[in-house]
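would you be able to build a 3D model of this:
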Amino acid sequence: MGAGDGFDDGSTQSGTCDDCYHEDSEGPRRDGAQEEKCDLSAFSSLHDALTLILVTSPIRSHPSTEMLENTLRSYVVGGKLAACEKVIVSDGCYACEPGQRERQKHGRVPRDWLKPYAAYRNRLDELVEKASSSHDDEEAHLFARCRHVRAPRHIGFGGCTSLALSYVATPYVMVIQHDRTCLRPFDALRIVSAMRASQDKVRYVGLPTKASLSRCAPEHVQHRCGIRLVEDDVDPQVSEMCAREDIRLWPLLFWYDSTHICSLSHYREFVFAQGRVPGGGFPEDTLGQVMHSEICAAAKVGSWHAVHARYGTYLFLDGGGPMVGHLRGRRYVDEAEVARQGWRKNPQPPCGLDSKQAAEVCDEPPLSMMCCDVL
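Residues are numbered from 1 along each chain as shown. Just a heads-up that it's a prediction; the model follows:
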């Protein structure tokens with residue numbers, strides 16, 4: 001299968017996300033064409049402020065779109081985001097050569113995954129096209145105001161996110177991985193309004209996961225960074241804004257790729273600038289590690305607040321525990337296959353799903369999911 005089918009030719013990727021920024025073979029890009037919409041004083045509703053970016057890549061359950069639909073539905077329902085524009089970017093991939101091990105994170109997949117993934121991408125095109133011409137059913141509601149962009153080759157999570165930004169005209173984006181579901185409702189408009197009111201002090205707000213909540217615990221901050229984090233460490237302007245907007249945001253001293261809302265300008269001018277995310281990799285693995293090192297070094301001389309201010313990362317806290325779960329896409333099995341095998345899934349459903357539609361969202365998968373890896 002050649003590059004014309006949207007798959008990687010297997011060549012080694014290099015460079016930074018800046019190289020991926022304008023790279024797409026599907027029609028016009030927005031770039032700065034609608035930049036006037038990014039005037040924060042202009043938006044009056046959530047769809048004027050926020051665009052959803054969802055990145056997807058090959059998994060064993062394709063061509064089924066069940067996992068992506070469950071994930072997207074959980075945010076559309078949980079955050080009331082149906083009216084927001086959505087950009088789905090499907091990454092490219094290439095087949096393992098004989099004797100090579102698959103490395104999904106690097107786009108190298110078993111050869112027999114290529115046709116199912118091609119069918120999956122075609123199915124996404126069909127869902128988007130159907131939604132553009134019909135608004136009568138739940139599926140159309142889910143994919144309303146959506147576009148599907150095919151990466152022309154494997155460019156990684158960072159590269160796909162960067163590519164999606166060229167289709168964004170709103171001042172904020174919500175970045176979602178295809179297997180990271182929303183577990184309960186949240187007020188997306190309140191978060192975006194708070195970010196706007198912070199006057200660029202708050203540039204990134206993560207929805208809480210088990211990992212990010214743990215990382216923010218005072219004892220973990222003390223152990224990892226040598227910082228005794230207390231309420232007084234919150235920037236006074238941010239603290240005042242939080243009180244005014246009735247929201248709690250806590251300094252997050254690490255960049256997580258899991259679901260977050262970020263300012264478009266921060267992604268364009270900071271995250272994907274100056275080679276901070278080389279080779280289109282995961283920002284968490286590159287930018288996040290550099291951020292951690294810089295904060296730890298600055299903590300030793302009492303200047304970590306200034307370092308953290310450059311990143312502007314905060315965690316949304318509402319007292320309800322983890323808000324984002326993990327379907328573990330590499331192990332995901334769709335409902336039809338579960339029924340055929342006689343397996344049972346964990347009954348905890350993502351937001352917007354009933355118990356029958358529930359997929360595994362806990363950190364430890366049930367036995368059926370664990371076995372799936374070796375089937």
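
so which helix or strand takes in the residue of the chain positioned farthest from its centre?
In the chain, Val301 marks the outermost C-alpha relative to the chain mean, sitting 33.8 Å out by C-alpha atoms, centre = their mean. Val301 belongs to no helix or strand when elements are defined using DSSP states H and E.

how near is it to Pro218?
Shown here: Val301 relative to Pro218, a distance of 21 Å by C-beta to C-beta, to the nearest Å. Any C-beta I mention is one placed from the backbone N, CA and C, and that applies to glycine too.

before we move on, what about Ser293?
From Ser293 across to Pro218, the span is 21 Å (C-beta to C-beta).

so, low pLDDT: which residues of the protein?
The model of the chain has pLDDT under 70 over residues 1-44, 135-140, 329-375.

just checking, what's the longest helix in it?
In the chain, with assignment by DSSP state H, the single longest helix is helix 114-133.

give me the helices and strands touching that one, please.
Where contact means 3 or more C-beta pairs under 8 Å, 6 or more residues apart in numbering; DSSP states H and E, helix 114-133 is packed against strand 85-90, helix 138-142, strand 146-150.

now the angle between strand 85-90 and the last one, please.
Inter-element angle recorded for strand 146-150 and strand 85-90: 20 degrees (by axes from the mean of the first three to the mean of the last three C-alpha atoms, to 10 degrees).

which other helices and strands contact strand 146-150?
Helices and strands touching strand 146-150, as assessed by 3+ C-beta pairs under 8 Å, 6+ apart, comprise strand 85-90, helix 114-133.

roughly how far out does the helix or strand just after the shortest one sit from the chain middle?
Just to be clear, that refers to strand 85-90. Next helix or strand after strand 85-90 toward the C-terminus (DSSP H and E): strand 94-95. For strand 94-95, the gap between its own C-alpha mean and the chain's C-alpha mean amounts to 24 Å (C-alpha atoms, centre = their mean, to the nearest Å).

strand 94-95 - contacts with which helices or strands?
Applying 3+ C-beta pairs under 8 Å, 6+ apart, one finds that strand 94-95 contacts strand 108-109.

can you tell me the closest non-neighbouring residue to Leu183?
Excluding its sequence neighbours, the residue lying closest to Leu183 (C-beta to C-beta, 6 or more residues apart in numbering) is Gly325, at 5.0 Å.

quick one, strands of the stretch 251-375 of the chain?
Applying DSSP state E, counting those that start in this stretch to the stretch 251-375 of the chain gives strands spanning 260-263, 313-317.

can I get those strands in a markdown table including mean neighbour count and distance to Asp112?
Output for the strands of the stretch 251-375 of the chain, formatted as a markdown table (neighbours: other C-beta atoms under 10 Å; distance: least, C-beta to C-beta, whole Å):
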| stretch | mean neighbour count | distance to Asp112 |
| --- | --- | --- |
| strand 260-263 | 24 | 34 |
| strand 313-317 | 23 | 40 |
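
returning to that earlier point: the residue nearest to Leu183 contacts Arg180, correct?
Yes - assessed by C-beta atoms under 8 Å, Gly325 is found in contact with Arg180 at 7.2 Å.
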